[in-house]
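Asker: sequence first, predicted model second:
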Amino acid sequence: MNNQQANKYFKSVSVEYVDIGPDTEVRIVTPQVIESLRKAFAGKNSYENVSFFYGRVLSEDSGGLTIQLALATVNRFHLVSEYLSFKDIDSFKIGYDGETYIVVKKRKYNSLWKRYSVSFAFIDLIGTTEIFKRSSAELMKFLKKVQTKIDAFANLHPEIAILSFADSLIVKSTWCYYKKVKYNPELFFKTLLELRIMLKEKIGIDSYMILTQGQNFIESKEIVHINEKCNHLGMLSVGPPFASLFGIDDTVKKLDDSEKRSLYVEKMFYDSLIDKSFFDLSTMKKHSFVCLFLRTLNEFIAVNINCNAIKTK
């Protein structure tokens, strides 16, 4: 195809929504980028300088598309799930090379990498049934000890927020590529390991952990919201990472004892890790779960923690 044909092709060819089906590989761009691409195909500027996101369509509903979006592919392989409303989509186009381009409004495109995103951990304490059968005074003493230890740990780690309830904890951190608040899942995981070890050594309770990460549909740089009277706590989280915690936990509770592990990692979190030495890969097994927020079937990795690696680092 010559430059004149490519130019004409890019102006005129579009694809109806129904043709963008599951597993379609796409490139997400703005209308301004489409114009730059046209010039590149015509030899008027460099194709290498054109900015876009790689993506893959997961599902479609009446309101839009659920996309698996690549935020990073060079230093680490970092994917997140994103919902693109048809209201934010300008058009679909096919490039000269056969690539499918989803053209989104500039405001939406900028939000994909400028807003704060989240990493989550759900820590469920094991063997608390007998503890909860204690007398009221004994139980209160135990819970006070747990609260004191968690408070002390949280004070040492202002980069995370910890929500405790019943026999479970939710840990949250935020990151944003645009603000240079680095996405560092290894550091987040090491902090969680320290918390898990503290719970075991100081309180005598074992636990399992669930890890997720991704886009937060609430654009807030704050980790949590606490009102002036300290009687309202807001997690400031709406999106797949938070919903996936409970989708995975629901599946974990249905596993046979032989399939249970100390760690369950949502697959996009697992794939984004550079250092996997903390995992005992010989115990790794994949499972499927339903993320109710996206209404899609997703995967998580069940694996035991490599205690030897913890001792050497």
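Answerer: On my side now, so go ahead. Since the structure is predicted, the reported quantities are computational estimates derived from the model, not experimental observations. Residues are numbered from 1 along each chain as shown.

Asker: in the longest helix seen in the chain, what counts as buried?
Answerer: Criterion DSSP state H: the longest helix present in the chain is helix 136-156. Residues Phe142, Val146, Lys149, Ile150, Phe153 are the ones in helix 136-156 that count as buried (16 or more other CB atoms under 10 Å). For the C-beta atoms, the positions are set from N, CA and C on the backbone; glycine is no exception.

Asker: just send these back as CSV, with pLDDT too.
Answerer: CSV is the format used below for those (pLDDT from 0 to 100):
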residue, pLDDT
Phe142, 86
Val146, 90
Lys149, 95
Ile150, 96
Phe153, 97
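
Asker: in a helix, that's where Glu194 is, yeah?
Answerer: Yes: the assignment for Glu194 is a helix, going by DSSP: H, G, I helix; E, B strand; the rest coil.

Asker: count the neighbours of Asp249 for me.
Answerer: 17 (other CB atoms under 10 Å).

Asker: tell me the SS of it?
Answerer: helix.

Asker: for it, give its distance to Ser272.
Answerer: Taken as CB to CB, to the nearest Å, the spacing of Asp249 relative to Ser272 amounts to 21 Å.

Asker: also Thr212?
Answerer: Thr212 sits 11 Å away from Ser272, going by CB to CB.

Asker: which among the buried residues of helix 136-156 gets closest to Gly55?
Answerer: Closest to Gly55 out of the buried residues of helix 136-156 is Phe153 (37.7 Å), distances taken as CB to CB.

Asker: am I right that the closest one is in contact with Leu195?
Answerer: Yes: the criterion here is CB atoms under 8 Å, and Phe153 meets it with Leu195 at 5.8 Å.

Asker: and for these two, which residues touch both?
Answerer: Listed as contacting both Phe153 and Leu195 by CB atoms under 8 Å, 6 or more residues apart in numbering are Ile162.

Asker: got the residue ranges for the strands in the stretch 151-300 of the chain?
Answerer: 161-165, 168-175, 206-214, 225-226, 233-234, 263-266, 279-291, 296-305 (DSSP state E, counting those that start in this stretch).

Asker: quick revisit: and the longest helix of the chain, what does it pack onto?
Answerer: Here helix 136-156 touches strand 161-165, helix 185-198, going by 3 or more CB pairs under 8 Å, 6 or more residues apart in numbering; DSSP states H and E.

Asker: give me that answer again for 6 Å
Answerer: strand 161-165 (3 or more CB pairs under 6 Å, 6 or more residues apart in numbering; DSSP states H and E).

Asker: just list what the strand it packs on packs against, helices and strands only.
Answerer: helix 136-156, strand 168-175.

Asker: partners of it in the sheet?
Answerer: strand 168-175 (antiparallel) (DSSP bridges).

Asker: tilt between the strand it pairs with and helix 136-156?
Answerer: 10 degrees (axes from the mean of the first three to the mean of the last three CA atoms, to 10 degrees).

Asker: what lies in contact with stretch 214-222?
Answerer: 80-82, 115-118, 236-241 (CB atoms under 6 Å, 6 or more residues apart in numbering).

Asker: distance to Val29 and mean neighbour count added to the strands of the stretch 151-300 of the chain, as a markdown table?
Answerer: A markdown table is the format used below for the strands of the stretch 151-300 of the chain (distance: least, CB to CB, whole Å; neighbours: other CB atoms under 10 Å):
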| stretch | distance to Val29 | mean neighbour count |
| --- | --- | --- |
| strand 161-165 | 35 | 15 |
| strand 168-175 | 24 | 20 |
| strand 206-214 | 21 | 23 |
| strand 225-226 | 34 | 12 |
| strand 233-234 | 35 | 12 |
| strand 263-266 | 27 | 27 |
| strand 279-291 | 26 | 15 |
| strand 296-305 | 24 | 19 |
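
Asker: how does the chain divide into domains?
Answerer: Residue ranges for the domains of the chain, per automatic domain parsing: 3-114, 117-312.

Asker: mean pLDDT for these: which is lowest?
Answerer: Here the lowest mean pLDDT among these goes to domain 3-114, at a mean of 76.

Asker: give me the contacts around the longest helix of the chain.
Answerer: Residues contacting helix 136-156 (CB under 6 Å, 6+ apart): Ile162, Ser164, Leu195, Met198, Lys202, Ile203.
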